[in-house]
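Enquirer: here are the coordinates; sequence isn't available:
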DNA sequence: ATGGCAGGTTATACCTGA
């Protein structure tokens, strides 16, 4: 069977209702993972997703900030979601599909402006979150469960993941302590970067462009902050991994664009 | 080098994003 999984930092699920319908039509996901839903669970538009065919869901949101959700056409065998850094801030949710893989959807803290944990508590939170993801990846590595990790990881690890490696080395999302940290998570879990598995390491690929950047298409000052990783047992099944760059030109866009993979199981 | 926008809120200024 073929399973298509899309991840998108939607930047308000309620404001983006029409764009979500457009996304379903365009990317044809079976499983849709969202970040920054910015809504409490009681106000989440579950009916709108059911009308699009996504009758299964697991959601974890709060008012105004953060929030993650997994919407699915395929039934779940089990759902979950962990607390990270001791905070109930809705940054992780998971669902194991009856069809097999376990899907983990993350929203890693952005980390503020100053890349120094002494001066900026948010940056410390981000580094602590990455450290917990490393330990978690290591613990889960040998459990034999095929896994897909998706989400807005808020780090662009490779030189080709940013518009200018040199100019972003001191900018939060591309500092060495972050990129090395994310590489540590990948190594701990034997994770395979699905996008780079398909596209190679050198192609410039971005999934986020600032709202403040005028003429984002011509300037193209983007970063690849949104990721899909799979455990090695699933990498032979990867038949597609694509970034829907066009979505940044949609009416009332998110500043992130969706990333989709297809697994031929 | 700088500044630029968008979303949400017991809003009408301020926090967050990255």
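Expert: Thanks, I have it. These numbers were taken from a predicted model, which means no experiment stands behind them.
Enquirer: which parts of the stretch 101-250 of chain A are helices?
Expert: Here the stretch 101-250 of chain A has its helices, by DSSP state H, counting those that start in this stretch, at A:121-140, A:165-168, A:176-189, A:194-199, A:216-219.
Enquirer: and these as JSON lines, adding mean neighbour count and distance to DNA strand B?
Expert: C-beta here means a position set from N, CA and C on the backbone, and glycine is covered the same way. Formatted as JSON lines, the entries for those read as follows, by neighbours: other Cβ atoms under 10 Å; distance: least, Cβ to the nearest atom of the strand, whole Å:
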{"stretch": "helix A:121-140", "mean neighbour count": "18", "distance to DNA strand B": "5"}
{"stretch": "helix A:165-168", "mean neighbour count": "12", "distance to DNA strand B": "8"}
{"stretch": "helix A:176-189", "mean neighbour count": "18", "distance to DNA strand B": "10"}
{"stretch": "helix A:194-199", "mean neighbour count": "20", "distance to DNA strand B": "17"}
{"stretch": "helix A:216-219", "mean neighbour count": "12", "distance to DNA strand B": "8"}
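Enquirer: export those to a markdown table and tack on mean pLDDT?
Expert: As requested, the helices of the stretch 101-250 of chain A are exported to a markdown table (pLDDT from 0 to 100):
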| stretch | mean pLDDT |
| --- | --- |
| helix A:121-140 | 97 |
| helix A:165-168 | 96 |
| helix A:176-189 | 98 |
| helix A:194-199 | 98 |
| helix A:216-219 | 91 |
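Enquirer: how about the contacts made by the closest residue to residue A:205 other than its chain neighbours?
Expert: Excluding its sequence neighbours, the residue lying closest to residue A:205 (Cβ to Cβ, 6 or more residues apart in numbering) is residue A:224, at 5.1 Å. Contacts of residue A:224 were listed using Cβ atoms under 8 Å, 6 or more residues apart in numbering, and they are A:156, A:158, A:161-162, A:195, A:205-208, A:243.
Enquirer: so how far is stretch A:244-254 off the chain centroid?
Expert: When C-alpha coordinates are averaged (Cα atoms, centre = their mean, to the nearest Å), stretch A:244-254 and its chain have centres 16 Å apart.
Enquirer: buried residues in it, which are they?
Expert: Neighbour-count burial for stretch A:244-254, counted by 16 or more other Cβ atoms under 10 Å, picks out A:244-245, A:247-248, A:250, A:253-254.
Enquirer: can you tell me which two in those residues are farthest apart?
Expert: Between any two of the buried residues of stretch A:244-254, the greatest separation by Cβ to Cβ is 12.6 Å, found for A:245 and A:254.
Enquirer: sorry, back to before: any chance of the helices of the stretch 101-250 of chain A in a markdown table with distance to residue A:84 as columns?
Expert: Putting these into a markdown table (distance: least, Cβ to Cβ, whole Å) gives the following:
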| stretch | distance to residue A:84 |
| --- | --- |
| helix A:121-140 | 5 |
| helix A:165-168 | 25 |
| helix A:176-189 | 12 |
| helix A:194-199 | 23 |
| helix A:216-219 | 31 |
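Enquirer: so which of the ones you listed comes closest to residue A:15?
Expert: Distances from residue A:15 to each of these were compared by Cβ to Cβ, and the smallest falls on helix A:216-219, at 19.4 Å.
Enquirer: before we move on, the earlier item: of the helices of the stretch 101-250 of chain A, which is nearest residue A:110?
Expert: Checking the helices of the stretch 101-250 of chain A against residue A:110 by Cβ to Cβ gives helix A:121-140 as the closest, at 7.2 Å.
Enquirer: and the closest one, what does it pack onto?
Expert: With contacts taken as 3 or more Cβ pairs under 8 Å, 6 or more residues apart in numbering; DSSP states H and E, helix A:121-140 sits against helix A:176-189.
Enquirer: returning to that earlier point: out of the helices of the stretch 101-250 of chain A, nearest to residue A:228?
Expert: helix A:194-199 (4.4 Å).
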